[in-house]
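Q: structural data only, the sequence is not supplied:
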């Protein structure tokens, strides 16, 4: 996300909010809370959908504020403080979802099921920590350092609210993007009508020497990717795509070129390279390399911010001292705009979090990882300690660089490495302990992610003159409501995007197979399912009762994942590919977390590939380029990074035209016509895309496929798909150049 052009705020002593403390317009109303909860559910689900697919998230506060202004204006007698409560409550869904999708899907990669109760409880605990620890920090970070920490997204959201209060229409552009994006997605999405190819593909293979074989150029041409690319801008989108070009057009053809004559598999592959297509090369060799790159870039980002982290920590500790702000303790009644929840709420809330975490670990442990109540109590206290540390750090960092540049992944990696190292010393190296480490790291990541957005919301409230106490209550409500939909959406995508692929591998069930175990819990496996043939043209309905479920982690015989063994044939006949981790939802950050944990506990990783990824990141850093977006691009399928780059390219053309016409500041603003239209495209892709995933989940449940079977026509052509996406991109350019109505 680009940082908007913001006039440096006045120092705190001279600052006056938009609504003075002496005024008390409607604020914490029932309709504001209900509308905010609705937006929290919608944007929480959309963030899960887009984040798992693109590996990126975008802030929801501005689109929510714009929509709130429009809806409450229709309902009548709306105040700016009501609109602020709506965006505060609703934005909690996006921030909680961001922390969840970066960590908890790693449970799938470690061979465990996504239990709704586990996701709900961990998201709730992490979200509450992020809010609670920001209560005592608000006065120091938001008020006292108002002229030092700009909090760019929070200040931009305040600009939107103030502009809406003064008049003018902003929501129309969001609704326009939502409408066009929904219509486009309905016909483009592979789970809905799919009137044309959802992902036009070209696999180069030139001449008798098979030049560039192994490479692939394809684009999952969705509206949300186009919108994400526009919002993050041409620079970041270009760096992201450069990582994809390196992986898909350089490294993968090199792997095929050097390996095609070798007649045996090369670790970690299970078949010779000559038999692999681009997708196989990516999943076998690029994923470990990309995971190493993302891990290295996250740690480098963390190291770069060590001075900021240290100053944030020391400043945060100072604010915890009595009367640290120099105010007289006799100040009995704070003004409306300085009325926070009390420290009693923070202390009791923290004790409640420790108790909830302890009870959860004690009475619903990860299967196979029961460690006793002393260790569970220590883990619960560790979560609170790490949570306070990284909440303090995250809040100050996002105040300087914005939420999108906060090194939350690096802080999470540090937590996971410390936790996994303790487990290794204790001898707790079974996969179940990896899931336990994810449980601890996930809560910390969610707390850090939520605290960053909470800080932005509190900054917005400070500028417009909101009541901090009411905002903090709204944030707690938003956390509770949004966690309801996040776990459901994760499971929906894991089910709706899953595949059952036919295979025929002889297997002696009685022989030892290191890394492969029989999974007795099969309730997530449908009673009947459709198995796709090797050529992808035919489907066969099979029954759950025919098979024994196998789980492979770190095996030299099978790729990590789940398999169905048939006792009647003595073969593994089905490869059950989970939706999360597939090309449709690669979840790169969660894959990284699983790689870090698995590497420490099992000490079985393709370290050669991982270290190549590390070396690539070091080279990129030496070139003076931010390595994190490059590393994420190197990991993601090029089908994701190419349409994102297209959105960035549109943004570059719009900015160029604006500079030539002398309106550069308006084009680059967070509330520009293009950004609002792009927000609508993202929401459309997420909402309609989720409907498609829900349809596929229903089809899998009833054992039927293609209920929305669009007839094959002349539209079923790669050129039509490219033309349709180009038309959508042109609409983005057109409406980005069209001024908003005043």
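A: Received the coordinates, thanks. Keep in mind that what you see is a predicted model, and the values were worked out from it rather than measured.

Q: could you pull out the strands in the stretch 401-550 of the chain for me?
A: 499-506, 516-518, 528-532, 539-543, 548-552 (DSSP state E, counting those that start in this stretch).

Q: with mean neighbour count, distance to residue 262 and mean pLDDT added, can I get these in TSV?
A: Placement of C-beta: from N, CA and C, glycine included. Listed next are those as TSV, based on neighbours: other C-beta atoms under 10 Å; distance: least, C-beta to C-beta, whole Å; pLDDT from 0 to 100:
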stretch	mean neighbour count	distance to residue 262	mean pLDDT
strand 499-506	14	21	92
strand 516-518	15	25	89
strand 528-532	18	29	89
strand 539-543	14	34	88
strand 548-552	19	24	92
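
Q: can you redo the ones you listed as JSON lines with distance to residue 121?
A: Formatted as JSON lines, the strands of the stretch 401-550 of the chain follow (distance: least, C-beta to C-beta, whole Å):
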{"stretch": "strand 499-506", "distance to residue 121": "30"}
{"stretch": "strand 516-518", "distance to residue 121": "26"}
{"stretch": "strand 528-532", "distance to residue 121": "30"}
{"stretch": "strand 539-543", "distance to residue 121": "34"}
{"stretch": "strand 548-552", "distance to residue 121": "24"}
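
Q: measure stretch 550-570 end to end?
A: One end of stretch 550-570 to the other measures 13 Å (C-alpha to C-alpha, to the nearest Å).

Q: just the element for the spatially closest residue to residue 690 that is not a sequence neighbour, please.
A: In space, and not counting its chain neighbours, residue 690 is closest to residue 49: 5.4 Å by C-beta to C-beta, 6 or more residues apart in numbering. Assigned by DSSP states H and E, residue 49 belongs to helix 30-54.

Q: buried ones in that helix?
A: Residues of helix 30-54 classed as buried: 32-33, 35-54 (neighbour count, 16 or more other C-beta atoms under 10 Å).

Q: which elements pack onto that helix?
A: helix 61-75, helix 80-101, helix 223-245, helix 468-496, helix 638-661, helix 673-702 (3 or more C-beta pairs under 8 Å, 6 or more residues apart in numbering; DSSP states H and E).

Q: of those helices, which is nearest residue 291?
A: helix 223-245 (12.9 Å; C-beta to C-beta).

Q: the inter-axis angle of the closest one versus helix 673-702?
A: Angle of helix 223-245 versus helix 673-702, following axes from the mean of the first three to the mean of the last three C-alpha atoms, to 10 degrees, is 90 degrees.

Q: any idea how far the helix or strand just after helix 223-245 is from the chain center?
A: Scanning forward in sequence from helix 223-245 by DSSP H and E, the next helix or strand is helix 252-259. In terms of C-alpha atoms, centre = their mean, to the nearest Å, the centre of helix 252-259 is found 32 Å from the chain centre.

Q: ok, and what's touching helix 252-259?
A: 210, 212-216, 266, 272-274, 276, 278, 281-282, 285-286 (C-beta atoms under 8 Å, 6 or more residues apart in numbering).

Q: so how do I select the buried members of those in PyMOL?
A: What follows is the PyMOL syntax for the buried subset of the contacts of helix 252-259, where burial is set by 16+ other C-beta under 10 Å:
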select buried, resi 212+213+214+215+216+273+276+278+281+282+285+286
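
Q: what's the closest of the contacts of helix 252-259 to residue 621?
A: Distances from residue 621 to those, taken by C-beta to C-beta, are shortest for residue 286, at 20.1 Å.

Q: report pLDDT for the closest residue in space to the closest one that isn't next to it in sequence.
A: Once flanking residues are discounted, residue 286 sits nearest to residue 247: 5.0 Å by C-beta to C-beta, 6+ apart. Note for residue 247: predicted pLDDT of 97.

Q: thought residue 247 was touching residue 634?
A: Yes. Assessed by C-beta atoms under 8 Å, residue 247 is found in contact with residue 634 at 4.8 Å.

Q: quick one, which of those two is more surrounded?
A: A direct count of neighbours by other C-beta atoms under 10 Å for residue 247 and residue 634 places residue 634 higher, at 31 against 28.

Q: for that one, what are its contacts?
A: Contacts of residue 634 by C-beta under 8 Å, 6+ apart are 243, 244, 246, 247, 286, 289, 290, 293, 613, 616.

Q: now for these: which two are most distant?
A: Among the contacts of residue 634, 244 and 613 lie farthest apart (C-beta to C-beta), at 13.9 Å.

Q: quick one, phi/psi of residue 28?
A: phi -90, psi 70 (degrees, to the nearest 10).

Q: that one: neighbouring residues, count only.
A: 17.

Q: go ahead and confirm it touches residue 470.
A: Yes. Look at residue 28 against residue 470 with C-beta under 8 Å: they come within range, at 4.3 Å.

Q: overlap in contacts of those two?
A: Overlap of the contact sets of residue 28 and residue 470 (by C-beta under 8 Å, 6+ apart) consists of residue 85.

Q: ok so, going back, mind putting the helices and strands packed on helix 30-54 into CSV with mean neighbour count?
A: CSV is the format used below for the helices and strands packed on helix 30-54 (neighbours: other C-beta atoms under 10 Å):
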stretch, mean neighbour count
helix 61-75, 23
helix 80-101, 31
helix 223-245, 26
helix 468-496, 24
helix 638-661, 22
helix 673-702, 23
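
Q: and these: which comes nearest residue 591?
A: The nearest among the helices and strands packed on helix 30-54, by C-beta to C-beta, is helix 80-101 at 11.3 Å.

Q: residue 628 reaches residue 301, doesn't it?
A: Yes. Using C-beta under 8 Å, residue 628 is in contact with residue 301, at 5.7 Å.

Q: and those two? which has more neighbours close in?
A: Shown here are residue 628 and residue 301; by other C-beta under 10 Å, residue 628 has more neighbours (25 against 22).

Q: what distance do you get for that one to residue 635?
A: Shown here: residue 628 relative to residue 635, a distance of 11 Å by C-beta to C-beta, to the nearest Å.
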